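Chemist: Okay, sequence plus prediction incoming.
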Amino acid sequence: MFRVIAHVDMDAFFAAIEQRDNPALRGRPVIVGSPPHQRGVVCAASYEARRFGVRSAMPSATAARLCPQGIFIRPRMELYQAESRQILRLLQGTGGAVEQTSIDEAYLDWSALCPGQDADDALQQALPLARALKQRIRQERGLTASVGIAANKLLAKLASDWQKPDGLTLIAERDKVAFLRPLPVRVLPGVGPATERLLHQAGLYTLGQVQDYPGDLRELLGSFGPTLKRFAWGQDDRPLDLTDEVKSISSEETFARDTADRTELRACLRAQAAEIAAKLQRRRLAARTVQVKVRYGDFTTLTRQITVQDPVTEPVDLYRLGCWLLARDRLVCRPLRLLGLGVSNLTECTAWQLRLL
């Protein structure tokens, strides 16, 4: 049996739901997030807004400057989560194993459903399944999805990004090396700004250059070097993760004395953001949900969170979202005994995605 993996990525999920539910928004630049005059942040943006450079985790005021005609819509997370469950139901209905990696993405293993004479023949058998799934999503949910098909998770995810929105791309085994050669190194999971910088310093800008590099890159990247070299050749044996384990990373600090000093709290939050970002980088992960936790002198504990559509990895983004959550709900209304920052809704880290706007 040959391996057949599909990656399903809903197109501009939050914004697409708003455009579906309000036809007047279709074809217009929709920005899901707090309005710019309230010092909010962007949770998601439609493709019309993305053309102006609007991105998740960006301050709403910045988004308004980039896209003055943008229509700001307050996020309706309960609705998006309910819609995600409906999409998951459709994915499960295909008969393959499903690994949901976030609110709007999932891998499917269709290996048992696609018998073939060879690896590429098996992949071809998946095309009717993918077309039927896309049609069901469109007809039953009024949304579009991009689907990538390949022999492993790495290639399937790259394929789903290739022809967004509403794309369907198959990367054949016989074509994968040539497909990867011109792509920049940052398309690979785990290649964030720091790793990209190291590769560039070694003269490695494309995956073709990584393929041609003598050695396994261990001297440049340590233990991640051999993995990146295999990725550059399109080799990836990671199985689908079918567990329901909740994955999160957090950092907390209990102060020696309760404090409401803004300078001290900002320094604490900034250090926590840097710590979490470093852990995300080591695990080759990114986060869609950021949470703050505060505890007062009487041990009253509050948590607040925000979910953005495009995952974040950088400490500046984690810090900005943490500050925004504290300010939005005026959590520092009295001295804090404890301050914490955390992330969840984790997904593979891809610093740059091949999205055709």
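Modeler: Everything's here; your move.
Chemist: for the residue sitting nearest the centre point of the chain, what are its contacts?
Modeler: Among the residues of the chain, the one closest to the centroid is residue 311, at 3.7 Å (C-alpha atoms, centre = their mean). In this structure, residue 311 makes contact with 102, 286-288, 347, 349, judged by C-beta atoms under 8 Å, 6 or more residues apart in numbering. C-beta here means a position set from N, CA and C on the backbone, and glycine is covered the same way.
Chemist: most surrounded residue in the residues you listed?
Modeler: Ranked by the number of neighbours (other C-beta atoms under 10 Å), the contacts of residue 311 place residue 287 first, at 28 neighbours.
Chemist: Is that one in a helix, a strand, or coil?
Modeler: Three states are possible here, and by DSSP: H, G, I helix; E, B strand; the rest coil the one that applies to residue 287 is strand.
Chemist: Quickly list what it is bridged to.
Modeler: residue 312, residue 346 (DSSP bridges).
Chemist: That one against residue 345, yeah?
Modeler: Yes. Between residue 287 and residue 345 a contact is recorded at 6.3 Å, counting by C-beta atoms under 8 Å.
Chemist: Would you mind giving the domain segments of the chain?
Modeler: 5-12+83-176, 15-73, 181-232, 248-348 (automatic domain parsing).
Chemist: which stretch among these comes nearest residue 240?
Modeler: Minimum separation from residue 240 across these (C-beta to C-beta) falls at domain 5-12+83-176, 4.1 Å.
Chemist: Between the two ends of the closest one, how far is it?
Modeler: 14 Å (C-alpha to C-alpha, to the nearest Å).
Chemist: what does stretch 50-66 give?
Modeler: 10 Å.
Chemist: Now do the SS call for residue 94.
Modeler: From three-state DSSP, the assignment for residue 94 is coil.
Chemist: need the contact list for it.
Modeler: 108, 110, 113, 129, 132-133.
Chemist: make it 6 Å
Modeler: With contacts defined as C-beta atoms under 6 Å, 6 or more residues apart in numbering, residue 94 is in contact with residue 133.
Chemist: That one and residue 9: what is the separation?
Modeler: Counting by C-beta to C-beta, to the nearest Å, the separation of residue 94 from residue 9 is 15 Å.
Chemist: follow-up on the earlier one: can I get the domains of the chain in a markdown table including mean pLDDT and distance to residue 241?
Modeler: Output for those, formatted as a markdown table (pLDDT from 0 to 100; distance: least, C-beta to C-beta, whole Å):
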| stretch | mean pLDDT | distance to residue 241 |
| --- | --- | --- |
| domain 5-12+83-176 | 96 | 5 |
| domain 15-73 | 93 | 24 |
| domain 181-232 | 91 | 14 |
| domain 248-348 | 91 | 11 |
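Chemist: And the strands in the stretch 51-200 of the chain?
Modeler: Ranges of strands within the stretch 51-200 of the chain are 71-73, 97-102, 105-109, 145-150, 168-170, based on DSSP state E, counting those that start in this stretch.
Chemist: Just the terminal-to-terminal distance for stretch 165-182.
Modeler: The separation between the terminal residues of stretch 165-182, taken as C-alpha to C-alpha, is 22 Å.
Chemist: Show residues contacting that stretch.
Modeler: Counting contacts by C-beta under 6 Å, 6+ apart, the residues touching stretch 165-182 from outside are 11, 119-120, 123, 130, 144, 146-151, 155, 159, 162-163, 207-208, 234.
Chemist: List only those of those residues flagged as buried.
Modeler: The neighbour count (16 or more other C-beta atoms under 10 Å) marks 11, 120, 123, 130, 144, 146-151, 155, 159, 162-163, 207-208, 234 as buried among the contacts of stretch 165-182.
Chemist: What distance separates the opening and closing residues of stretch 209-228?
Modeler: Looking at stretch 209-228, the gap from its leading to its trailing residue is 12 Å under the measure C-alpha to C-alpha.
Chemist: who touches it?
Modeler: Surrounding stretch 209-228, the residues in contact under the criterion C-beta under 6 Å, 6+ apart are 198, 202, 204, 229, 232-233.
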